[in-house]
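**Student:** one predicted model, sequence on top.
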Amino acid sequence: MKKQKGFSLIELLIVVAIILIIAAIAIPNLLRSKIAANESSAVGSVRTIGTAEVTYSSSWGSGFAATIQALGGPSPCVVATAGAACLIDPLLSAAAPVKSGYGFDAAGTLAVNGVLNGFEVTAWPTTVQTTGVRAFCDDQTGVLKFFSPSPAGGMGVGAGTCAAIATAAGVSGPVGN
């Protein structure tokens, strides 16, 4: 009688069990890495929008941009105007911009004689605990801040909203450089 070659059912079940244990350990780390990457992208985008606001103010001499759409423009952007300054990617200057699992908004604030002397930028995770945990904001002071847990839909872009965020260890405060 010839001996059969191959794996027994028990051996296959042991291999499957080992693979499941490894997956159970690796998947949460993968999700945390994805959230960290999305948050890093959001911080970079908020900084980009804040820098674009300052550039807009110095380029057009009429204060900061009234909306996030005024900072962008069509793709490709050929002629820059005050209504489409071509300073940020069209992805970030869309009507309701979403990038890397974060929504964005920006607006000019502190109007004096028709000139916007301040701005607010916010970024929030589109799905809290899946695409991100913390929300971020920036204003004319240049201090980028975070707050957690993120409110659904962000915190708004009213004058002084970002400046009002107090520092509480692990909950809110300035983002490190």
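**Tutor:** Sure thing, it's come through. Numbering: from 1, shown residues only.
**Student:** any stretches of the chain with poor pLDDT?
**Tutor:** Applying pLDDT under 70 to the predicted model, the residue ranges of the chain that meet it are 1, 177.
**Student:** and the helix or strand where Glu11 lies, what does it pack against?
**Tutor:** Using DSSP states H and E, Glu11 maps to helix 9-60. For helix 9-60, the helices and strands in contact under the criterion 3 or more C-beta pairs under 8 Å, 6 or more residues apart in numbering; DSSP states H and E are strand 98-99, strand 102-112, strand 115-125, strand 135-139. From N, CA and C alone the C-beta is placed, and that goes for glycine too.
**Student:** for Pro76, find the nearest of those strands.
**Tutor:** strand 98-99 (18.8 Å; C-beta to C-beta).
**Student:** what comes into contact with the closest one?
**Tutor:** Judged by C-beta atoms under 8 Å, 6 or more residues apart in numbering, the contacts made with strand 98-99 from elsewhere in the structure are Ser41, Ala42, Ser45, Leu91, Leu92, Phe104, Thr126.
**Student:** 6 Å instead?
**Tutor:** The list of residues contacting strand 98-99 from outside it, by C-beta atoms under 6 Å, 6 or more residues apart in numbering, reads Ser45, Leu91.
**Student:** sheet-wise, list the partners of that strand with their directions.
**Tutor:** Strand 98-99 has the following strand partners under DSSP bridges: strand 102-112 (antiparallel).
**Student:** flag every buried residue along the partner strand.
**Tutor:** With burial defined by 16 or more other C-beta atoms under 10 Å, the residues of strand 102-112 counted as buried are Tyr102, Gly103, Phe104, Asp105, Ala106, Ala107, Gly108, Thr109, Leu110.
**Student:** ok, Leu13 - how many residues close by?
**Tutor:** Residue neighbour count, defined by other C-beta atoms under 10 Å, stands at 11 for Leu13.
**Student:** same question, the one 10 residues further on
**Tutor:** Residues lying near Ala23 (other C-beta under 10 Å) number 10.
**Student:** over to the one 10 residues further on?
**Tutor:** Counted with other C-beta under 10 Å, the neighbours of Ser33 add up to 10.
**Student:** among the helices and strands packed on helix 9-60, which is nearest Gly156?
**Tutor:** Proximity to Gly156 (C-beta to C-beta) singles out strand 115-125 among the helices and strands packed on helix 9-60, at 7.0 Å.
**Student:** rewinding a little: which one of the buried residues of strand 102-112 is nearest Thr81?
**Tutor:** Distances from those to Thr81 were compared by C-beta to C-beta; the smallest belongs to Gly108, at 16.0 Å.
**Student:** which one is that closest one nearest to, not counting chain neighbours?
**Tutor:** Here the nearest residue to Gly108 in space, its sequence neighbours aside, is Leu116; by C-beta to C-beta, 6 or more residues apart in numbering that works out to 3.1 Å.
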